[in-house]
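Engineer: give me a model of this one.
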Amino acid sequence: PVLNLPLDYPRPPVQSFAGNRLAFVIGEKETAALKSLLLDEEITLFMLLLAIFNVFLSKLSGQEDIIVGTPTAGRRHADLQHNIGMFVNTLSLRNFIHPGQTFKGFLQEIKDRTLTAYENQAYSFEDLVNRVEVERDAGRNPLFDVMFTLQNMDLDVKEIPGLKLKPYKYESHMSKFDLSLTGVESGGKLSFVVEYCSKLFKEETIAGFIAFFKNLVASVTAAPGQKIAGLSILPE
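Structural biologist: Residues are numbered from 1 along each chain as shown. The predicted structure is shown next:
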């Protein structure tokens, strides 16, 4: 399936990598509610956020068959943990959203499908692209146009005698996909960055998408047992 999100501009015939970024935060109260839910359902934070992201994309597009890409470290063997080199692979996570299904039921499907995908994470993404029979489009990425990443790397600032180190903010004007959502948990909050193709979306549209996503998180934490059709991306 091809994910057709509502665009501001016609899709260029050849894919553009011009992009921009917007950041947002999920506060401590809702982050704590999400963590309580994942403990109850015996899933990981990645799985829970992936489920919310899938529902979000389904609500935006009106589609129920969604593919989201995610990177994997590619270091399954213990001997590779401290080796220098690029081992990263890309997984295509395909899930099916049924509006009449409860969100908790969908969580368990996400869990099963994600675990199965990670069992096969050594399979090369390039080989997968070559084997899957899809119509190639120069204006799109193969297999998926949306990426989700949850960072869990140690981001502590290193201390060096005689030097004061601090993070440096930089502006990125590239986007590898139509839309990418990257999250990190820090200080009891969830911080996200949305990277988007500026040839497809206006900044105010992405700001609206962020508001929709935050509304959906609030809707999920308020009643995770309700049907997906009842979850709302809109405010009152």
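Engineer: low-confidence ranges in the chain?
Structural biologist: The model of the chain has pLDDT under 70 over residues 74-78, 80-81, 86-87, 153-157.
Engineer: longest helix of it?
Structural biologist: Using DSSP state H to assign secondary structure, the helix with the most residues in the chain is helix 203-222.
Engineer: what helices and strands are in contact with it?
Structural biologist: With contacts defined as 3 or more C-beta pairs under 8 Å, 6 or more residues apart in numbering; DSSP states H and E, the packing partners of helix 203-222 are strand 19-26, helix 28-41, helix 45-61, strand 189-197. For glycine as for every other residue, the C-beta is placed from the backbone atoms N, C-alpha and C.
Engineer: which outside residues touch it?
Structural biologist: The contact list for helix 203-222, computed with C-beta atoms under 8 Å, 6 or more residues apart in numbering, reads 6, 8, 20, 22, 24, 26, 30, 33-34, 37, 52-53, 55-56, 59-60, 103, 179, 194, 196, 231-235.
Engineer: just how off-centre is it within its chain?
Structural biologist: Remark: helix 203-222 is offset 14 Å from the chain centroid, using C-alpha atoms, centre = their mean, to the nearest Å.
Engineer: ok so, going back, quick one: buried ones out of the contacts of helix 203-222?
Structural biologist: 20, 24, 26, 30, 33-34, 37, 52-53, 55-56, 59-60, 103, 179, 194, 196, 231-233 (16 or more other C-beta atoms under 10 Å).
Engineer: could you check how far the residue located most distally from the centre of the chain is from Y168?
Structural biologist: The C-alpha centroid of the chain is most remote from G162, which lies 39.4 Å away (C-alpha atoms, centre = their mean). Applying C-beta to C-beta, to the nearest Å, the value for G162 to Y168 is 19 Å.
Engineer: make sure V25 is actually in contact with G188.
Structural biologist: No - between V25 and G188 there is no contact under C-beta atoms under 8 Å: 10.8 Å.
Engineer: which one's more surrounded, the two?
Structural biologist: V25 (14 against 11; other C-beta atoms under 10 Å).
Engineer: quick one, what contacts that one?
Structural biologist: The contact partners of V25, by C-beta under 8 Å, 6+ apart, come to K189, L190, S191, F192.
Engineer: that older thread, joint contacts of V25 and G188?
Structural biologist: Contact criterion C-beta under 8 Å, 6+ apart; residues shared by V25 and G188: none found.
Engineer: the nearest residue to R113 once chain neighbours are set aside in helix, strand or coil?
Structural biologist: With sequence-adjacent residues excluded and distances taken as C-beta to C-beta, 6 or more residues apart in numbering, R113 is closest to N95, at 5.9 Å. Secondary structure state of N95, per DSSP: H, G, I helix; E, B strand; the rest coil, is strand.
Engineer: relative to F53, how far out is N95?
Structural biologist: In terms of C-beta to C-beta, N95 sits 10 Å off from F53.
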